[in-house]
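In: generate a structure from the sequence data that follows.
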Amino acid sequence: MNHPSFIGGASMLDLAAIRAEFPILTRDVHDRPLVYLDNAATTQKPKVVIEAEKHYYEYLNSNIHRGVHQLSQQATDAYEASRESVRALLNAPRTEDIIFTRGTTEAINLVSQSWGRANLKPGDEILVTHMEHHSNIVPWQMICEETGAILRPIPIDDLGVLDREAYASMLSPKTKLVGVVHVSNALGTVNPVKEMIEQAHAMGALVLVDGAQALSHLAVDVQALDCDFYVFSAHKLYGPTGVGALYGRQSLLEQMPPWQGGGDMISLVRFSGSKWNHLPYKFEAGTPNIAGGVALKAAIDFVNAIGLDTIAAHEALLLDYATQRAKAFPGLRIIGEAPGKVSILSFVLEGIHPHDIGTILDMEGVAIRTGHHCAMPVMERYKIPATARASFAIYNTIEEVDALFLALERVQKMFRG
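Out: Numbers count the residues shown, from 1 in each chain. Down below sits the predicted model:
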């Protein structure tokens with residue numbers, strides 16, 4: 001895919017051309033133009049992604065890996081081409097080390113259940129940060145209950161920055177795995193994962209990085225990071241829902257037992273016993289979301305056509321401007337002010353519940369997220385029930401940031417008169 005019109009002269013981003021790729025951005029909400037600022041929950045989908053799914057169902061629809069007829073072979077080729085796109089995106093050493101899943105949540109559950117059951121014992125410790133999404137907390141709680149291992153949270157400070165000294169002191173020979181979010185969905189904090197991985201490895205621990213919020217904003221190189229597992233979801237990367245991927249270190253994946261049984265994850269089945277398929281198929285039981293997998297490649301191609309550096313620069317401009325507006329807004333408190341944070345502005349308004357903020361903004365056509373953002377420990381850390389969260393993507397504009405704050409002025413007028 002090639003979109004030279006995305007980048008204009010003097011490296012200026014052609015936002016009009018980018019926005020034209022997203023059909024949903026032309027719709028109205030409550031008779032107002034849609035201002036979509038809920039990108040940390042899910043990004044909107046460009047035409048190429050929508051067309052990729054449509055093309056699969058219209059021209060390729062067939063099950064993969066098992067058919068000798070042309071449709072099956074073409075569908076398999078398209079699906080496996082997407083796996084290679086994921087490998088290239090992450091700079092993984094081998095395509096076989098990319099396991100397709102339903103998303104980040106399933107990928108973490110796969111590791112916790114497969115690796116965890118086989119390796120954890122009473123007294124072992126798993127460390128996760130205080131800013132984790134529930135998807136990187138609950139699966140570890142479940143496996144700790146099953147194995148007798150202990151889950152320990154790494155604290156964060158008032159800015160939403162990881163306490164590096166506490167992390168270093170918590171690492172010990174008991175530590176078997178560290179689960180760390182690359183970018184916090186509730187705060188926008190970018191964690192120093194490379195350094196954290198080095199420290200964990202020095203203690204003999206593995207590291208799983210939750211990249212759900214990172215890949216649409218940052219370049220990721222799993223070989224440079226030297227992580228053991230890296231997970232993400234397509235729907236936060238301009239791709240479809242219901243598909244994601246797990247990168248795992250080859251030596252670990254080969255030792256891990258299958259998590260789910262069924263078709264395609266076996267090489268031999270007899271009532272006396274079964275033998276497992278080779279990587280990556282050992283972990284891909286049953287018919288997957290083939291159309292979603294095919295469309296994921298289109299999403300990666302779309303991001304590559306613009307360039308992650310360009311995307312990051314544009315989003316930084318939006319976040320800087322929104323932060324300036326927020327700091328000047330009466331009664332507004334920003335939640336999470338870590339240096340170098342990306343894409344996310346979480347906040348509370350004095351005396352107004354975030355759900356009320358979100359409801360009134362919706363009537364103004366502005367879509368944000370309100371609640372605990374599946375990060376309840378973060379809310380407890382700041383002693384608040386919830387936040388309002390605006391999150392930015394490549395198609396957002398300065399004018400949409402202004403629309404957000406104009407709508408917030410309406411919120412204040414309604415509650416304060």
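
In: okay, CA-based contacts and neighbour counts for the rest of this
Out: Noted.

In: would you state the helices of the stretch 101-250 of the chain in chain order?
Out: 104-119, 138-147, 164-170, 193-202, 222-225, 250-255 (DSSP state H, counting those that start in this stretch).

In: so which of the ones you listed gets nearest Lys327?
Out: Nearest to Lys327 among the helices of the stretch 101-250 of the chain is helix 164-170; the distance by Cα to Cα comes to 27.5 Å.

In: number of nearby residues for Glu337?
Out: A total of 18 residues lie near Glu337 under the criterion other Cα atoms under 10 Å.

In: got the phi/psi numbers for it?
Out: Phi and psi for Glu337, reported as degrees, to the nearest 10, are phi -130, psi 40.

In: in contact with the most centrally placed residue in the chain, which residues?
Out: For the chain, the residue nearest the mean C-alpha position is Ala212 (1.3 Å; Cα atoms, centre = their mean). Ala212 makes contacts with Thr104, His182, Val183, Val231, Phe232, Ser233, Lys236, as judged by Cα atoms under 8 Å, 6 or more residues apart in numbering.

In: do that again at 6 Å, thanks
Out: Listed by Cα atoms under 6 Å, 6 or more residues apart in numbering, the contact set of Ala212 reads Phe232, Ser233.

In: dihedrals phi and psi, it?
Out: phi -60, psi -40.

In: okay, domains of this structure per the record?
Out: 4-45+307-416, 50-304 (automatic domain parsing).

In: redo those domains as CSV? Include mean pLDDT.
Out: Formatted as CSV, the domains of the chain follow (pLDDT from 0 to 100):
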stretch, mean pLDDT
domain 4-45+307-416, 93
domain 50-304, 96
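
In: which ones are touching the spatially most distant residue from the centre of the chain?
Out: Here the centre of the chain is the reference, and by Cα atoms, centre = their mean the most remote residue is Ser272, at 41.1 Å. Ser272 makes contact with no residue under the criterion Cα under 6 Å, 6+ apart.

In: measure it to Gly340 for me?
Out: Per Cα to Cα, to the nearest Å, Ser272 is found 57 Å from Gly340.

In: now swap in Ala168 and tell me
Out: For Ala168, the distance to Gly340 - Cα to Cα - is 22 Å.

In: just want to know which of the two has more residues nearby.
Out: Neighbours were counted for Ala168 and for Gly340 using other Cα under 10 Å; Ala168 has more, 13 against 10.

In: can you tell me the closest non-neighbouring residue to the more buried one?
Out: Gln199 (7.3 Å; Cα to Cα, 6 or more residues apart in numbering).

In: kindly report the same for Tyr57.
Out: Closest to Tyr57 by Cα to Cα, 6+ apart is Ala291, at 7.2 Å.

In: which element is that neighbour on?
Out: helix 290-306 (DSSP states H and E).

In: all the helices of the stretch 251-400 of the chain, in order from the start?
Out: 290-306, 308-327, 354-363, 376-382, 398-416.

In: which one of the ones you listed lies closest to Ala20?
Out: Short answer: helix 290-306, nearest of those by Cα to Cα, at 13.2 Å.

In: how is the residue lying closest to Thr287 once chain neighbours are set aside assigned, secondary-structure-wise?
Out: Leaving aside its sequence neighbours, Thr287 sits nearest to Asn63 (Cα to Cα, 6+ apart; 7.2 Å). Of the three states, Asn63 takes coil under DSSP: H, G, I helix; E, B strand; the rest coil.

In: so how far is Lys47 from Asn63?
Out: Distance of Asn63 to Lys47, given as Cα to Cα: 24 Å.

In: same check on Ile344?
Out: To Lys47, Ile344 is 25 Å away according to Cα to Cα.

In: who has more neighbours, these two?
Out: Ile344 (31 against 16).

In: surely that one and Gly188 touch.
Out: Yes. The criterion here is Cα atoms under 6 Å, and Ile344 meets it with Gly188 at 5.0 Å.

In: of all the helices of the stretch 101-250 of the chain, which lies closest to Glu284?
Out: Across those, the minimum distance to Glu284, taken as Cα to Cα, is reached by helix 104-119, at 10.4 Å.

In: identify all contacting residues around that closest one.
Out: With contacts defined as Cα under 6 Å, 6+ apart, helix 104-119 is touched by Thr101, Ser135, Pro139, Val231, Phe232, Ser233, Leu246, Met256, Pro257, Trp259.

In: check contacts around the residue lying closest to Arg249 once chain neighbours are set aside.
Out: Distance criterion Cα to Cα, 6+ apart; nearest residue to Arg249, sequence neighbours excluded, is Asp228 at 5.2 Å. Asp228 sits next to Val207, Gly248, Arg249 when contact means Cα under 6 Å, 6+ apart.

In: ok, 7 Å please
Out: Contacts for Asp228 (Cα atoms under 7 Å, 6 or more residues apart in numbering) come out as Leu206, Val207, Leu208, Gly248, Arg249.

In: re earlier: which of the contacts of helix 104-119 are buried?
Out: For the contacts of helix 104-119, a burial check counting by 16 or more other Cα atoms under 10 Å picks out Thr101, Ser135, Pro139, Val231, Phe232, Ser233, Leu246, Met256, Pro257, Trp259.

In: give the buried residues for stretch 123-130.
Out: Asp124, Glu125, Ile126, Leu127, Val128, Thr129, His130.

In: and that stretch, C-alpha only, in PDB?
Out: The C-alpha trace of stretch 123-130 is given here as PDB (Å, rounded to 0.1, in the frame of the first residue of the first chain):
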ATOM      1  CA  GLY A 123       6.600 -19.100  47.000                       C
ATOM      2  CA  ASP A 124       7.600 -18.100  43.500                       C
ATOM      3  CA  GLU A 125       7.000 -14.400  42.800                       C
ATOM      4  CA  ILE A 126       5.500 -12.500  39.800                       C
ATOM      5  CA  LEU A 127       5.900  -8.800  39.700                       C
ATOM      6  CA  VAL A 128       3.600  -6.400  37.900                       C
ATOM      7  CA  THR A 129       3.400  -2.700  38.000                       C
ATOM      8  CA  HIS A 130       0.700  -0.700  39.800                       C
END
